[in-house]
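A.B. asks: what follows is a protein structure lacking sequence information:
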């Protein structure tokens with residue numbers, strides 16, 4: 001029997017990267033999945049976002065684990081679209097037990113005083129307000145149903161400490177942490193647990209792109225993956241440049257499962273020690 005056997009999970013940003021990984025990991029442990037993604041490019045985001053073919057691949061990978069998957073296009077900035085997606089997903093798979101608010105972007109990184117207004121608003125709208133809208137579209141039905149549930153908000157190490165060059169992202173992810181804490185208090189009487197996961201640098205398309213390589217190498221134009229890996233290695237206490245999506249998905253699975261039945265209001269950090277204030281230098 002799987003750790004979330006018979007549950008239905010609603011996962012945003014599910015077309016690739018961490019979102020796909022969360023969907024597949026939950027499916028491996030018995031959950032059916034409502035997979036949500038925009039599948040369109042967003043203005044001010046400098047790297048390519050997933051397409052409908054990517055979301056279709058998520059469906060294939062979930063179904064390969066002998067679980068059902070309903071894939072729907074929706075923008076987390078659009079509450080009506082999210083609410084309709086939740087309705088359609090529930091109509092096909094049954095009531096939602098697990099919500100994973102994963103969708104997020106980094107738009108046009110740079111010093112906070114130089115960030116374009118549109119880039120700032122894009123990150124706040126997707127990474128923070130989109131998380132609230134995801135919860136608002138799904139959790140009221142969980143409350144009404146009266147059988148509890150688990151809500152996992154994907155924040156970041158940047159939701160707990162400062163990082164230079166991504167002030168809009170840091171602000172949004174700190175907001176997610178605060179939202180999680182308020183929701184944990186408000187939803188506890190309904191036996192709905194709310195927690196946040198705080199990844200470090202994860203090897204996904206959101207990190208593996210030219211704009212992030214430039215940021216992570218201190219401004220090197222045309223920085224390679226190898227150069228970025230060397231820089232990222234020094235950011236971590238453990239001697240690795242980044243972590244894999246599955247590492248984050250394992251944390252999501254734990255928080256969604258009965259293993260964490262009394263865990264709520266927590267910030268689970270999975271970051272190879274990147275936010276530790278002191279680190280022993282790695283061998284060259």
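C.D. replies: Structure's in. What do you need? Please read these numbers as outputs of a predicted model, since none were measured by experiment.
A.B. asks: and the protein, what are its domains?
C.D. replies: Residue ranges of the domains in the chain are recorded as 8-206+244-268, 208-241, according to automatic domain parsing.
A.B. asks: weakest of those domains by average pLDDT?
C.D. replies: Comparing mean pLDDT across the domains of the chain, the weakest is domain 208-241, with a mean of 90.
A.B. asks: buried residues in that one?
C.D. replies: Using 16 or more other Cβ atoms under 10 Å as the test for burial, domain 208-241 gives 208-209, 211-217, 223, 227-229, 231-233, 235-237, 240-241. For the C-beta atoms, the positions are set from N, CA and C on the backbone; glycine is no exception.
A.B. asks: what's the helix or strand for residue 264?
C.D. replies: Secondary-structure assignment from DSSP states H and E places residue 264 in no helical or strand segment.
A.B. asks: with adjacent residues omitted, what lies nearest to it?
C.D. replies: Nearest residue to residue 264 in three dimensions, chain neighbours excluded: residue 193, at 4.0 Å (Cβ to Cβ, 6 or more residues apart in numbering).
A.B. asks: got it, and residue 156?
C.D. replies: residue 173 (4.2 Å).
A.B. asks: correct me if wrong: that neighbour contacts residue 159.
C.D. replies: Yes. Distance between residue 173 and residue 159: 3.4 Å, which falls inside the contact criterion (Cβ atoms under 8 Å).
A.B. asks: what ranges do the strands span in the stretch 51-200 of the chain?
C.D. replies: Applying DSSP state E, counting those that start in this stretch to the stretch 51-200 of the chain gives strands spanning 69-73, 98-101, 149-154, 192-199.
A.B. asks: between strand 192-199 and the host helix or strand of residue 248, find me the angle.
C.D. replies: Using DSSP H and E, the element containing residue 248 is helix 245-256. Between the axis of helix 245-256 and that of strand 192-199 there is an angle of 160 degrees, by axes from the mean of the first three to the mean of the last three Cα atoms, to 10 degrees.
A.B. asks: who does the helix or strand following helix 245-256 pair up with?
C.D. replies: The C-terminal neighbour of helix 245-256 among helices and strands, as given by DSSP H and E, is strand 267-270. The sheet places strand 267-270 alongside strand 192-199 (parallel), with pairing taken from DSSP bridges.
A.B. asks: got the phi/psi numbers for residue 276?
C.D. replies: Residue 276 adopts backbone torsions of phi -60, psi 140, taken as degrees, to the nearest 10.
A.B. asks: kindly report the same for residue 50.
C.D. replies: The phi and psi torsions at residue 50 (degrees, to the nearest 10) take the values phi -70, psi 160.
A.B. asks: residue 29 versus the residue lying closest to it once chain neighbours are set aside, what's the distance?
C.D. replies: What sits nearest to residue 50 in space, not counting adjacent residues and going by Cβ to Cβ, 6+ apart, is residue 15, at 3.6 Å. Counting by Cβ to Cβ, to the nearest Å, the gap between residue 15 and residue 29 amounts to 21 Å.
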